[in-house]
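A.B. asks: Using only what follows, build the 3D model:
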Amino acid sequence: MHPAALTDQAVQVSAPSNQLYTNNALTQYEWLKLFGATGYRLQLDKNNFSNEQNLILNVTTDNLSYSYTLPSEGVYQMRVRAENATQNSKWSTVRTLTFDATPPAQVNLSAPANKAAVTKPVGLSWGAITDAVQYEVAVYQSDSTTLY
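C.D. replies: Prediction:
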């Protein structure tokens, strides 16, 4: 059974996932339909909705999804509410997403030297990247295309 009043309901967001970390500026926002709604208001902000006059995005749509290209890198908050001619629902739970399109710095291998002949086991050394969380290592055979 659904509540009769829109004011007693809250929108459930289905995308993007909470705490999404992406390098793609184009983001798809999706939510579930609410009984009694004729439209939905999507808001996107970088300042926790502290000033509703200065939001990144504040749009209404009658669809259950909306695509938007984020204007710059950073941490965003998003929320959705349902609306009709006389009532608004509660806001959805706020979700955060981080847009980061800056690639990490290139790692410089310090040992062994390029094209050096080595014996097993081989020790690899490289300079640390300040904000790196993990490293991915690939070792190729002398043809430079076949992985070991």
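
A.B. asks: Low-confidence ranges, this structure, go.
C.D. replies: Counting by pLDDT under 70, the chain has low-confidence residues at 1-3.

A.B. asks: Count the residues that sit near residue 90.
C.D. replies: Neighbours of residue 90 under the rule other C-beta atoms under 10 Å: 15. Where you see a C-beta, it was placed from the backbone N, CA and C, and this is true even at glycine.

A.B. asks: all numbers from here: first residue = 557
C.D. replies: New numbering, starting at 557: the last item is residue 646.

A.B. asks: Bridged to it, which residues?
C.D. replies: Note on residue 646: beta-bridge partners residue 566, judged by DSSP bridges.

A.B. asks: isn't it right up against residue 565?
C.D. replies: Yes: the pair residue 646 / residue 565 is scored as a contact, 6.8 Å apart, by C-beta atoms under 8 Å.

A.B. asks: who are the neighbours in contact with the closest residue to residue 630 other than its chain neighbours?
C.D. replies: Leaving aside its chain neighbours, residue 630 sits nearest to residue 602 (5.5 Å; criterion: C-beta to C-beta, 6 or more residues apart in numbering). Counting by C-beta atoms under 8 Å, 6 or more residues apart in numbering, residue 602 touches 612, 630-633.

A.B. asks: do you know how far residue 602 is from residue 662?
C.D. replies: For residue 602, the distance to residue 662 (C-beta to C-beta, to the nearest Å) stands at 29 Å.

A.B. asks: Tell me where the protein has strands.
C.D. replies: According to DSSP state E, the chain carries its strands in the segments 569-571, 576-578, 582-587, 595-601, 613-617, 621-625, 630-639, 651-655, 665-667, 681-682.
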